[in-house]
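# give me a 3D structure for the following:
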Amino acid sequence: MTRYIFSALFVCTLLLAGCQSMPWQRNTMPPVELLDDESGKSAPEASAPPAASLQPAPKQAPVLAIASRTRMRDVPLPEKAKEDLERTYVYESHTLQVGRMVYTIQAAVNDIAQFYIDTCPGADWRMVSVKQAAGGAELLFRKPGKKLEVSISPLAFGNKRLVVHLVPDEGLNY
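From the prediction side, this is the model:
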């Protein structure tokens, strides 16, 4: 009987350790600065420090390093991402690049998103949009003739699924 109780407690402990709703595992977003409707400038806050004491935050070193080898030469990839070969497909010829690369990585959603925001412009990608909801993030980048969709979603035990989708873009020329 005690054996079953200890087994049940062990399983419950494992389930709770991977639960994303625990307060110690939440990644909080930084506060958003509100804009004034008419002027487009920041709305003053009652407890805000004087403007003279505001200093830009020092630029921090990137949390994730860029991998030296990637599937597609112009698509950056975090160094510690592990490819899921069963969910990945890639086609590349001298005229066309198409692929849906799926990876597992143990990093915060914000760190992965920031990696792409920082590294994609270096590969001539222009950020079009960022959407963050339900513990994940979706980013859209474009360059002439190509569209790059990056999707980050939580998995169990702190892992994240990173899906990088590269397709031709017949839309606007940049």
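
# next one, pLDDT for the closest residue to Ile112 other than its chain neighbours please.
Of all residues beyond its chain neighbours, the one nearest Ile112 is Ile152 (5.0 Å), with distances taken as CB to CB, 6 or more residues apart in numbering. For the C-beta atoms, the positions are set from N, CA and C on the backbone; glycine is no exception. Per-residue confidence (pLDDT) for Ile152: 97.

# so Ile152 sits in a helix?
No. Secondary structure assignment places Ile152 outside any helix; it is strand (DSSP: H, G, I helix; E, B strand; the rest coil).

# the chain: strands as residue ranges?
With DSSP state E, the ranges of strands along the chain come out as 82-83, 89-92, 97-105, 126-133, 136-143, 146-154, 160-168.

# let's have those in JSON lines, adding distance to Ile66.
Shown next, in JSON lines, are those (distance: least, CB to CB, whole Å):
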{"stretch": "strand 82-83", "distance to Ile66": "15"}
{"stretch": "strand 89-92", "distance to Ile66": "19"}
{"stretch": "strand 97-105", "distance to Ile66": "13"}
{"stretch": "strand 126-133", "distance to Ile66": "17"}
{"stretch": "strand 136-143", "distance to Ile66": "15"}
{"stretch": "strand 146-154", "distance to Ile66": "14"}
{"stretch": "strand 160-168", "distance to Ile66": "13"}
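
# Ile112: which of those is closest?
Counting by CB to CB, Ile112 lies closest to strand 146-154 out of the strands of the chain; the figure is 5.0 Å.

# how far away is Pro76 from Lys131?
Using CB to CB, to the nearest Å, we find Pro76 at a distance of 19 Å from Lys131.

# who has more neighbours, these two?
For Pro76 against Lys131, the residue with the higher neighbour count under other CB atoms under 10 Å is Pro76, and the figures read 20 against 10.

# pLDDT below threshold where in this structure?
For the chain, residues meeting the criterion pLDDT under 70 lie at 1, 4, 6-62, 171-174.

# burial count for Ala107?
Counted with other CB under 10 Å, Ala107 comes out at 20.

# for the closest residue to it other than its chain neighbours, what are phi and psi?
Once its chain neighbours are removed from consideration, Ala107 has its nearest residue in Leu64; the separation is 6.0 Å (CB to CB, 6+ apart). The phi/psi pair for Leu64 (degrees, to the nearest 10) reads phi -110, psi 130.

# I'd say Leu64 and Val109 touch.
No. In this structure, Leu64 is not within contact of Val109 by CB atoms under 8 Å, at 11.8 Å.
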